[in-house]
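S.K.: Next input, structure requested:
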Amino acid sequence: MGQAPYEQGVGQHPHPGVPHGRGGMPPPGDLHRHLPPPSLGPVRPILSPRRPGHGIRPRGVSAWAQTGGTVVSLAPVLLTQGATAPASALAWGALSGLGTGVGVACLYWSMNQGPMSVVVPVSDVTAVGLPVLAGIALLGDRPSLPALTGIALGLPALWLVSRGERGEARPGGEARPAETPAAARAGRAQGADRLPPALVAGVGLAVHFFALARIPATAGWWPVVVSRAVSVAVILALFPATGARLRLPRREVAAAAVAGVLGTVATVLYLLATRQELLSVAVVLSALYPAVPVLLALTFLRERITRPQAVGLLGAGVAIGLIALN
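M.R.: Next comes the predicted model:
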């Protein structure tokens, strides 16, 4: 009997303990979910979020990732011998960490419970759209007409690229089995159930984006340390409510820590970007990261991409070109 697609959240992957792409890699539609985003201090799953019992503890992974990121965030402070930041900058850092902790916890929980093809786009677009609106409405951002056009184009492009595969083709071109009407209805119902936590995750990450942009250049790097430390505290505080466990195999801890380090580097780069560019521009450019791993899968792994992803990649390229004219 055929099974419903794994990413629909109906049924299971036929070999849950084995990576499900060519050469042990995830399929192209899912590859970007296994990499840390280059702008979010929080870390998207570098370990595929399995269904319960399949060996991956996503909230435990998120805690170790944030912890690793917190440790490495001390490096800029030690290297620059930075002075103590003003209280207002530390407060923005703490707010950023609060948004990160809530956003990451809700995102991992949603992805572990519902279809990623619903959860990821909803959280991504919410996390980007709200800071764009806040930058224009509250901070007085006035992007040029080409940049505004690029921003408007970038949001649907992000949605299309981050949707991943939705029953069009298996990696390597093998056709997916037809989805039964009952499975389709179950998948839609499950996706609708996961919309609220996905929206909460997006709001949390939007707060992270916005708060980081409010940290002045004179504040140094201590606000980043505070942000990372608060995010760890929030995630750990949510452990009892989610039934998560901190204890993980060493290999998973090491992988999560590496992702956390990359997340902190990305946070620093995003912070620098907001000091040189409008928030509404910087947040959209940094959020288009899903296009990069999809292109890598297409170029080096010879994987196929779905039609929506192809349209999204084209839209992302045009959006970047238009925003660059700002």
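S.K.: what sits against Leu158?
M.R.: Listed by CB atoms under 8 Å, 6 or more residues apart in numbering, the contact set of Leu158 reads Pro121, Asp124, Val125, Val128, Ala287, Leu288, Pro290, Gly312, Ala316. (C-beta placed from N, C-alpha, C; glycine too.)
S.K.: Out of these, which comes closest to Val77?
M.R.: Ala287 (27.0 Å; CB to CB).
S.K.: Out of the contacts of Leu158, which one has the weakest pLDDT?
M.R.: Lowest pLDDT of the contacts of Leu158: Pro290, 75.
S.K.: Distance-wise, check that one relative to Val253.
M.R.: 26 Å (CB to CB, to the nearest Å).
S.K.: Can you pick out the residue with more neighbours from those two?
M.R.: Counting neighbours by other CB atoms under 10 Å for Pro290 and for Val253 shows that Pro290 has the greater number, 30 against 19.
S.K.: Backbone torsions only: list them for that one.
M.R.: phi -60, psi -20 (degrees, to the nearest 10).
S.K.: Verify the stated contact: it with Arg163.
M.R.: No: the criterion here is CB atoms under 8 Å, and Pro290 misses it with Arg163 at 9.4 Å.
S.K.: on that earlier part again, could you list which of the contacts of Leu158 belong to helices?
M.R.: Pro121, Asp124, Val125, Val128, Ala287, Gly312, Ala316 (DSSP state H).
S.K.: got a pLDDT number for Ala4?
M.R.: In this model, Ala4 is scored at 37, pLDDT.
S.K.: One more: Gly55?
M.R.: In this model, Gly55 is scored at 40, pLDDT.
S.K.: do the same with Ile136
M.R.: In this model, Ile136 carries a pLDDT of 93.
S.K.: With Val118 as the reference, measure out to Ser162.
M.R.: As judged by CB to CB, Ser162 and Val118 stand 11 Å apart.
S.K.: swap in Leu98?
M.R.: 25 Å.
S.K.: Compare the two and say which is more crowded by neighbours.
M.R.: Comparing Leu98 with Val118 by other CB under 10 Å, the one with more neighbours is Val118, at 25 against 19.
S.K.: Just list what the longest helix seen in the chain packs against, helices and strands only.
M.R.: The longest helix of the chain (DSSP H) is helix 87-113. The contact analysis (3 or more CB pairs under 8 Å, 6 or more residues apart in numbering; DSSP states H and E) places helix 87-113 against helix 58-80, helix 116-137, helix 195-213, helix 222-237.
S.K.: now the angle from that helix to helix 195-213?
M.R.: 150 degrees (axes from the mean of the first three to the mean of the last three CA atoms, to 10 degrees).
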